[in-house]
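**Student:** heads up, no residue letters with this:
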């Protein structure tokens, strides 16, 4: 089998770093949502928000990188699979931005402006408004679940290529 | 009547001349707001119920007396769960200590409608000396006394136990007040 062209080192690093950050943030988000008021909850909420802003920033860099660096060409596969893969990637990129932005808006609306690492205050792009916060909150969760659904499709497809098609697709994204 | 007795008879009048008239607090135009920091995030709260007894003449500030009481149960923080939390024994312990108070002991003019008010600040059973800068603006028979000061929350065991970690909730709590008064003598 010919070694297929790989993603760039930067693309690979961003992919795995963001994969880890997004999964951990999702898990923390699920766990913390219904905790009673406590120091533990305050810490988790703060870390979750800081992680979200880092994810947002890295995703912007990743998108810029992706737009300026052509990824390796598609491997031979049915046309519908190519289409599904590209659609999944596009939707995931959209959610890399939508989930943290909606979370940020929720925090602002709830009256807690985001202060990254406790040092860098971010502007509020929505006003502090209880009704607005209640309207936004379910969207943050729903979009995050949507992203997890796409991650499952993405991982499932990658595993199919690895173990059924055995086409070496995964090696293109393997950290070295 | 002996001259000394004459003087004694005049004393109440003299006292009346010296003690400044009582002003009336206008609660609707007044506010007491505090800002704490939770992991760097400013979180604002305010008290809906407080009262002030003010007897103050800007021309004779040293004769003035100010007593302020704040109903801690009237705290508003924009979230019911925060209000419930802050009433707990670790924070205000509102059941045991329903009020915070300030009792002035000396008021000194520092010029330009500004004053320094010293007194005793009591919160959660702890009393501390406190000096507060106050700016007085008077117009149309209404006076607005405003200023701000910092309360070190741990001096008053506010948020002790698990919450005493100041990297979670900063020790410094900024308090801002604006008291609208009627009946204060003009400067």
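**Tutor:** Perfect, I can see it now. Nothing here was measured: the structure is a model prediction, and the numbers come from that model.
**Student:** so which residue of chain B comes closest to chain A?
**Tutor:** Residue of chain B nearest chain A, by Cβ to the nearest Cβ: residue B:40 (3.0 Å). Placement of C-beta: from N, CA and C, glycine included.
**Student:** ok, now which ones touch the closest residue to that residue other than its chain neighbours?
**Tutor:** Distances taken as Cβ to Cβ, 6 or more residues apart in numbering or on different chains put residue A:118 closest to residue B:40, at 3.0 Å, once the chain neighbours are dropped. Residue A:118 makes contact with A:46, B:39, B:40, B:41, B:167, according to Cβ atoms under 8 Å, 6 or more residues apart in numbering or on different chains.
**Student:** what is the neighbour count of the fourth one?
**Tutor:** Burial of residue B:41 is recorded as 19 neighbouring residues (other Cβ atoms under 10 Å in any protein chain shown).
**Student:** was I right to think it contacts residue A:112?
**Tutor:** Yes. If you go by Cβ atoms under 8 Å, residue B:41 and residue A:112 touch, sitting 5.4 Å apart.
**Student:** what touches both of those two?
**Tutor:** Counting by Cβ under 8 Å, 6+ apart, residue B:41 and residue A:112 have no contacts in common.
**Student:** in three-state terms, label the residue nearest to residue B:40 for me.
**Tutor:** coil (DSSP: H, G, I helix; E, B strand; the rest coil).
**Student:** where's it relative to residue B:129, distance?
**Tutor:** Distance, residue A:118 to residue B:129, by Cβ to Cβ, to the nearest Å: 32 Å.
**Student:** now do the buried residues in stretch A:145-157.
**Tutor:** Using 16 or more other Cβ atoms under 10 Å in any protein chain shown as the test for burial, stretch A:145-157 gives A:146, A:147, A:148, A:150, A:151, A:153, A:154, A:157.
**Student:** can you tell me the SS state at the last one?
**Tutor:** Right, the one you point to is residue A:157. Quick answer, by three-state DSSP: residue A:157 is helix.
**Student:** for it, give me its contacts.
**Tutor:** A:81, A:84, A:85, A:88.
**Student:** make sure the second one is indeed in a strand.
**Tutor:** Right, the one you point to is residue A:84. No. Residue A:84 is assigned helix when assessed by three-state DSSP, not a strand.
**Student:** follow-up on the earlier one: from the contacts of residue A:157, which would you call buried?
**Tutor:** By 16+ other Cβ under 10 Å, the contacts of residue A:157 give A:85, A:88 as buried.
**Student:** closest one of the contacts of residue A:157 to chain B?
**Tutor:** Using Cβ to the nearest Cβ, the contacts of residue A:157 come closest to chain B at residue A:88, 35.7 Å.
**Student:** which parts of the helix or strand that that closest one is a member of are buried?
**Tutor:** Assessed by DSSP states H and E, residue A:88 sits inside helix A:79-109. Residues of helix A:79-109 classed as buried by neighbour count (16+ other Cβ under 10 Å): A:85, A:88, A:91-92, A:95-96, A:98-109.
**Student:** how near is residue A:23 to chain B?
**Tutor:** Going from residue A:23 to chain B by Cβ to the nearest Cβ, to the nearest Å gives 23 Å.
**Student:** count of neighbours near that residue?
**Tutor:** 12.
**Student:** so who does it touch?
**Tutor:** Contacts of residue A:23 by Cβ under 8 Å, 6+ apart are residue A:151.
**Student:** report the secondary structure state of it.
**Tutor:** Going by three-state DSSP: residue A:23 is helix.
**Student:** can you give me the strands in the chain?
**Tutor:** I'll assume chain A. A:115-116, A:120-121 (DSSP state E).
**Student:** actually chain B
**Tutor:** For chain B, the strands defined by DSSP E occupy B:22-25, B:31-38, B:41-47, B:50-55, B:65-71, B:75-76, B:99-111, B:114-123, B:126-139, B:142-152, B:172-182.
**Student:** tabulate the contacts of residue A:157 (a markdown table), appending distance to residue A:124 and pLDDT.
**Tutor:** Formatted as a markdown table, those follow (distance: Cβ to Cβ, whole Å; pLDDT from 0 to 100):
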| residue | distance to residue A:124 | pLDDT |
| --- | --- | --- |
| A:81 | 43 | 95 |
| A:84 | 38 | 96 |
| A:85 | 37 | 96 |
| A:88 | 33 | 98 |
